[in-house]
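Visitor: sequence-free structure coming up:
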């Protein structure tokens, strides 16, 4: 329920009037849109985060991406997919029993929207055409919590509930690492500039080589095998930020060194 701004290692708490921020996109410097339990939110003129009152009828927006051609794609966990204009009016609401329980969304360099769902497989949207990927064409499991387009190799990396899979030219290939993800759900994925895949799971942190032929578990004194990595993101310096479900809440990793941050009820450490 708390929001912070980190810039040059200076941490500033931002007053907020919404609960549980799930996702965030930058529109311009220091201006962003947040998906929250209370709806879409944005900073007001007082630099406080509040619900965007113009659009308050989207139930539990969970993921959001900016499409320069169409506006905002907003994925909800229980109310389908929305296409929202930049003036925050609703363009279209895609709602069905299939495109629901949306867990993750990404836009690749070709303009394709990739949508992961919790039990309904993976969808791609290109020029309003929907294509589904599930067990029928090669995925071992239809519960998908993470998807990451990798433009350097023209591949889509998919984290199912049981394994890592790659999609190239609409062909699915699962990597031979299923034993590492047994009862160890894949929460998040990001790719380094050298094409290594970093994977955050419910109980561990992994790296897959750029040749996709070996996997390594990464250990740190700052988290145990019971710590869940909930989010991963490389910054412009190619340093990786890990969002954790235990203290420290946030960890910066440069490949060798770890820099932890803890956001507790009382103070920031």
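Guide: The structure has been received and is ready for your questions. Keep in mind that what you see is a predicted model, and the values were worked out from it rather than measured. Numbers count the residues shown, from 1 in each chain.
Visitor: Pick out the least confidently modelled helix or strand of this structure, by mean pLDDT.
Guide: Using mean pLDDT, DSSP states H and E, strand 3-7 stands out as the lowest-scoring helix or strand of the chain, at a mean of 80.
Visitor: Give the other helices and strands that it contacts.
Guide: The criterion is 3 or more C-beta pairs under 8 Å, 6 or more residues apart in numbering; DSSP states H and E, and the helices and strands that strand 3-7 contacts are strand 10-14. For the C-beta atoms, the positions are set from N, CA and C on the backbone; glycine is no exception.
Visitor: gap between the strand it packs on and the chain center?
Guide: In terms of C-alpha atoms, centre = their mean, to the nearest Å, the centre of strand 10-14 is found 22 Å from the chain centre.
Visitor: Just give the strands next to the least confident helix or strand of the chain in its sheet, each with its orientation.
Guide: The pairing partners recorded for strand 3-7 under DSSP bridges are strand 10-14 (antiparallel).
Visitor: Quick one: list the elements packing against the following helix or strand past the partner strand.
Guide: Under the assignment DSSP states H and E, the closest C-terminal helix or strand after strand 10-14 is strand 21-28. With contacts taken as 3+ C-beta pairs under 8 Å, 6+ apart, strand 21-28 sits against strand 31-36, strand 61-67.
Visitor: I'd like the ones you listed laid out as JSON lines, including mean neighbour count, mean pLDDT and distance to residue 196.
Guide: JSON lines is the format used below for the helices and strands packed on strand 21-28 (neighbours: other C-beta atoms under 10 Å; pLDDT from 0 to 100; distance: least, C-beta to C-beta, whole Å):
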{"stretch": "strand 31-36", "mean neighbour count": "20", "mean pLDDT": "91", "distance to residue 196": "28"}
{"stretch": "strand 61-67", "mean neighbour count": "19", "mean pLDDT": "94", "distance to residue 196": "24"}
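Visitor: Those strands: which one's closest to residue 172?
Guide: strand 61-67 (22.0 Å; C-beta to C-beta).
Visitor: which residues sit against that closest one?
Guide: In this structure, residues lying in contact with strand 61-67 by C-beta atoms under 8 Å, 6 or more residues apart in numbering are 22-25, 27, 33, 35-36, 39-40, 72-77, 82, 102-107, 111, 113.
Visitor: What's the PyMOL line that selects buried ones from those residues?
Guide: To isolate the buried members of the contacts of strand 61-67 in PyMOL, using 16 or more other C-beta atoms under 10 Å:
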select buried, resi 23+33+35+36+39+40+72+73+74+75+76+77+82+102+103+104+105+106+107+113
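Visitor: contact partners of stretch 188-204?
Guide: With C-beta under 8 Å, 6+ apart as the test, stretch 188-204 has contacts from 145-148, 150, 152-153, 157, 159, 164, 181, 184-187, 205-210, 212, 217, 225-234, 238, 240, 242.
Visitor: quick one: terminal-to-terminal distance for stretch 122-136?
Guide: Stretch 122-136 has its terminal residues 12 Å apart, counting by C-alpha to C-alpha, to the nearest Å.
Visitor: And the pLDDT at residue 235?
Guide: Model confidence at residue 235, expressed as pLDDT, equals 92.
Visitor: Please apply the same query to residue 97.
Guide: Per-residue confidence at residue 97 stands at 66 (pLDDT).
Visitor: One more: residue 212?
Guide: pLDDT for residue 212: 93.
Visitor: same check, this time on residue 123
Guide: Per-residue confidence (pLDDT) for residue 123: 93.
Visitor: can you count the residues close to it?
Guide: Around residue 123 there are 23 other residues, counting by other C-beta atoms under 10 Å.
Visitor: now it, nearest residue through space, not along the chain?
Guide: Leaving aside its sequence neighbours, residue 123 sits nearest to residue 115 (C-beta to C-beta, 6 or more residues apart in numbering; 4.3 Å).
Visitor: tell me the SS of the one you found?
Guide: strand (DSSP: H, G, I helix; E, B strand; the rest coil).
Visitor: wait, doesn't it sit right on residue 121?
Guide: No. Using C-beta atoms under 8 Å, residue 115 makes no contact with residue 121, being 9.5 Å away.
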